[in-house]
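Colleague: sequence first, predicted coordinates after that:
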Amino acid sequence: MAALVIVLVILGIFLLIVLVIAGMAVGIYNRLVALRNEYKNEFAQIDVQLKRRHDLIPNLVETAKGYMTHERGTLEAVTAARNGAVAARQQVAADPANPQAIAQVAAAEGVLSQSLGRLFAVAEAYPDLKANQNMLQLQGELTDTENRISLARQTYNEAVRNFNTQREIFPNSVIAGMFNFAPATLFEITDPGEREVPKVSFT
């Protein structure tokens, strides 16, 4: 009888340990899911601002086209860069957890920023364009959008860091490995020149 009691106690302790471990595992899994959803949601905010930026550019090019008749190459470069950025954005919007897609959209946005910088630099030589009210408004909206993108990117990167930290610490790393929680990728612009918002004064 005493032996049976001992066996039951041991089984009870074992069952309790299993339940505690299972509860911890479920808690860790749910926490990782929540953090992954958080950084995906933060990228959705970047996506909204990138779309706004992309939607402004055709109007910007059309306005400039009326004045910059000898700058066709510059205008075409902006349009091509914008199209590349739109394609990259659409790809990453489908899967913000894809590190290659994040890298591609960051690179495409860098190319777009460079082409816009060249456009604004060339526009300095066209006084009538600089004074155009539509151009002034578009430039203001574009600058505002760039600032929003920068803020959204900071929030997204913080969410990515939180997720990556949680998936790397023990015992979370065990659960992350078991359920294929891949590391998230920061949205970074590597060229220091690309970090600056394109600036031009049309006053």
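Modeller: Right, received. Where do you want to start? Numbers count the residues shown, from 1 in each chain.

Colleague: which residues are contacting stretch 40-52?
Modeller: 85, 89, 92-93, 96-97, 105, 109, 145, 148-149, 152-153, 155-156, 159, 187 (C-beta atoms under 8 Å, 6 or more residues apart in numbering). All C-beta spots, glycine's among them, are computed from the backbone N, C-alpha and C.

Colleague: buried ones in that stretch?
Modeller: 40, 42-43, 45-47, 49-50 (16 or more other C-beta atoms under 10 Å).

Colleague: what's the local residue count around residue 59?
Modeller: Residues lying near residue 59 (other C-beta atoms under 10 Å) number 15.

Colleague: how about it, phi and psi?
Modeller: phi -70, psi -40 (degrees, to the nearest 10).

Colleague: with adjacent residues omitted, what lies nearest to it?
Modeller: residue 138 (5.8 Å; C-beta to C-beta, 6 or more residues apart in numbering).

Colleague: contact partners for the one you found?
Modeller: Per C-beta under 8 Å, 6+ apart, neighbours of residue 138: 56, 59-60, 63.

Colleague: now residue 129
Modeller: 63-64, 67-68, 123, 135, 202.

Colleague: could you dump the contacts of residue 138 to JSON lines with distance to residue 113 and secondary structure?
Modeller: JSON lines is the format used below for the contacts of residue 138 (distance: C-beta to C-beta, whole Å; DSSP: H, G, I helix; E, B strand; the rest coil):
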{"residue": "56", "distance to residue 113": "13", "secondary structure": "helix"}
{"residue": "59", "distance to residue 113": "18", "secondary structure": "helix"}
{"residue": "60", "distance to residue 113": "13", "secondary structure": "helix"}
{"residue": "63", "distance to residue 113": "19", "secondary structure": "helix"}
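
Colleague: can you tell me which of those residues is closest to residue 169?
Modeller: Distance to residue 169 across the contacts of residue 138 (C-beta to C-beta) is lowest for residue 56, with 42.1 Å.

Colleague: what's the weakest-modelled helix or strand in this structure?
Modeller: helix 127-131 (a mean of 81; mean pLDDT, DSSP states H and E).

Colleague: ok, the residue nearest to residue 59 to residue 56 distance?
Modeller: 6 Å (C-beta to C-beta, to the nearest Å).

Colleague: ok, now residue 77?
Modeller: For residue 77 relative to residue 56 (C-beta to C-beta), the value is 17 Å.

Colleague: check the secondary structure at residue 188 for me.
Modeller: coil (DSSP: H, G, I helix; E, B strand; the rest coil).

Colleague: tell me the spacing between the residue lying closest to residue 36 once chain neighbours are set aside and residue 183.
Modeller: Excluding the flanking residues, the one nearest residue 36 by C-beta to C-beta, 6+ apart is residue 163, at 5.9 Å. Applying C-beta to C-beta, the value for residue 163 to residue 183 is 8 Å.

Colleague: and for residue 124?
Modeller: Distance of residue 124 to residue 183, given as C-beta to C-beta: 43 Å.
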